[in-house]
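Undergrad: Next comes the sequence, and after it the predicted model I'd like to discuss.
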Amino acid sequence: MSGERSGERSGERQTEVQGRNLPELQYVEYEVSHGVGQITLNRPGYRNAQSRGLLEEIDLLFGAAQVDPEVRVVVVFGAGEHFSAGHDLGSPDELADREARPLQAGLRGRYAHSRTEFVDKTLAWRNLPKPTIAGVQGYAIFAGWMVASAMDIIYAADNAMFLASNFQYFSVPWDIHPRKAKELLFESRFVDAREAMELGLVNRVFPADTLQAETLAYARRIAQNDPFQLRMMKLAVNQVQDTQGFAGHITAAHHMHLLSSEGEKDPDYALQVKDGQRRPMVDKAFENYRRRQGE
């Protein structure tokens, strides 16, 4: 995973969704109430690092929410202290899954996995024909930023910390001004909730203990509106980015991400590559954070 590992996993809980033809869930919780479908990433022991299993369950639930007439708005939360510490780089569950369902060897397998799990799925969530909201607390590192960015609205706790990179779904220059995006990416530093709101990444900031209640209250207000009108409004706004080449940029930037990732294996790579606990630029971001705290 992109962020630090946080001890052993706190146990898988399976969610029952009455009246809905869904399989038992291992990594995500789901409930529907007051017109709102609530998806909760549920790997708090690994800071909701995004394994293939987690991503598949998120995708399953977005699909279920899309066809469920009782769901008018979808909200995404992360269980525990953090929204998501990023990609799962090797938890026991992820390693077992890789062994049970190995990827095709070589670049072909890496590309197919990366494109399917982190680009195609995220684009589909962005284009869901219903309003979507992310409630972000703690870390939203790399893939955590990606999931939040794919939502229409981002509400953040005052302890939220966002970290970007040239990741697979490279939405960053669409989320914030390109010049600011370069500043953050070149240095590799965290953006706290207040700065994220100033940059336009986040819509509103709340105390951590009220984030979920405030997010759900807003979602329920939206859910009272006409679903077809909401769909047309979302389509109209998304179309602004689409006519500017949003999807084409995401595809091109994904290729650059793969080149960049491959370049980390070069003997001349400037940063120290550790044993898979964190990506090198995440280490750099934590160094920069500690330096700024000491200023």
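TA: All right, it came through fine. The shown structure was predicted, so the numbers you read here are calculated from the model rather than taken from an experiment. Numbering: from 1, shown residues only.

Undergrad: And the helices in the stretch 1-150 of the chain, which stretches?
TA: Using DSSP state H, counting those that start in this stretch, the helices of the stretch 1-150 of the chain run over 52-67, 92-100, 106-114, 121-126, 143-150.

Undergrad: nearest to residue 283, of these?
TA: Judged by Cβ to Cβ, the one of those that comes nearest to residue 283 is helix 143-150, at 16.6 Å. From N, CA and C alone the C-beta is placed, and that goes for glycine too.

Undergrad: Check which element follows that closest one along the chain.
TA: strand 153-157 (DSSP states H and E).

Undergrad: on contacts alone, who are the packing partners of that next one?
TA: The helices and strands touching strand 153-157, judged by 3 or more Cβ pairs under 8 Å, 6 or more residues apart in numbering; DSSP states H and E, are strand 132-136, helix 193-199, strand 204-206, helix 211-223.

Undergrad: make it 10 Å
TA: Applying 3 or more Cβ pairs under 10 Å, 6 or more residues apart in numbering; DSSP states H and E, one finds that strand 153-157 makes contact with strand 73-78, strand 132-136, helix 143-150, helix 193-199, strand 204-206, helix 211-223.

Undergrad: tell me the contacts of the closest residue to residue 264 other than its chain neighbours?
TA: Distances taken as Cβ to Cβ, 6 or more residues apart in numbering place residue 273 nearest to residue 264, at 5.9 Å, with adjacent residues excluded. Neighbour list for residue 273: 264-266, 279-280, 283 [criterion: Cβ atoms under 10 Å, 6 or more residues apart in numbering].

Undergrad: Next, give me the two most distant ones among these.
TA: Greatest spatial distance in those: 266 and 283, 17.4 Å, computed using Cβ to Cβ.

Undergrad: between these two, which one's more packed in?
TA: residue 283 (17 against 9; other Cβ atoms under 10 Å).

Undergrad: Report pLDDT for residue 156.
TA: Residue 156 carries a pLDDT value of 98.

Undergrad: Now for it, how many residues are close by?
TA: Residue 156 has 30 nearby residues by other Cβ under 10 Å.

Undergrad: With residue 85 instead?
TA: A count of neighbours around residue 85, defined by other Cβ under 10 Å, yields 30.

Undergrad: Next: residue 270.
TA: Per other Cβ under 10 Å, the neighbour tally for residue 270 reads 7.

Undergrad: do the same with residue 26
TA: Residue 26: 17 neighbours (other Cβ under 10 Å).

Undergrad: Show the pLDDT at the nearest residue to residue 214 once chain neighbours are set aside.
TA: Excluding the flanking residues, the one nearest residue 214 by Cβ to Cβ, 6+ apart is residue 206, at 4.8 Å. For residue 206, the pLDDT comes out at 98.

Undergrad: any idea how far residue 206 is from residue 135?
TA: 9 Å (Cβ to Cβ, to the nearest Å).

Undergrad: winner for burial among the helices of the stretch 1-150 of the chain?
TA: Most buried of the helices of the stretch 1-150 of the chain, by mean neighbour count (mean count of other Cβ atoms under 10 Å): helix 143-150, with a mean of 27.

Undergrad: Report the angle between it and strand 73-78.
TA: Interaxial angle, helix 143-150 versus strand 73-78 (axes from the mean of the first three to the mean of the last three Cα atoms, to 10 degrees): 170 degrees.

Undergrad: For helix 143-150, output the C-alpha coordinates as CSV.
TA: This file holds the C-alpha atoms of helix 143-150, laid out as CSV (Å, rounded to 0.1, in the frame of the first residue of the first chain):
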residue,chain,number,x,y,z
ALA,A,143,-5.2,5.8,-4.9
GLY,A,144,-7.1,7.4,-2.0
TRP,A,145,-7.0,10.7,-3.9
MET,A,146,-8.1,8.9,-7.1
VAL,A,147,-11.3,7.5,-5.5
ALA,A,148,-12.1,10.8,-3.9
SER,A,149,-11.5,12.7,-7.1
ALA,A,150,-13.9,10.4,-9.0
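
Undergrad: Any idea which of the contacts of residue 273 the model trusts least?
TA: Within the contacts of residue 273, pLDDT reaches its minimum at residue 279, with 75.

Undergrad: List just the nearest of the contacts of residue 273 to residue 37.
TA: residue 279 (31.5 Å).

Undergrad: Could you verify my assumption that that closest one touches residue 49?
TA: No: Residue 279 sits out of contact with residue 49 when judged by Cβ atoms under 10 Å, with a separation of 11.9 Å.
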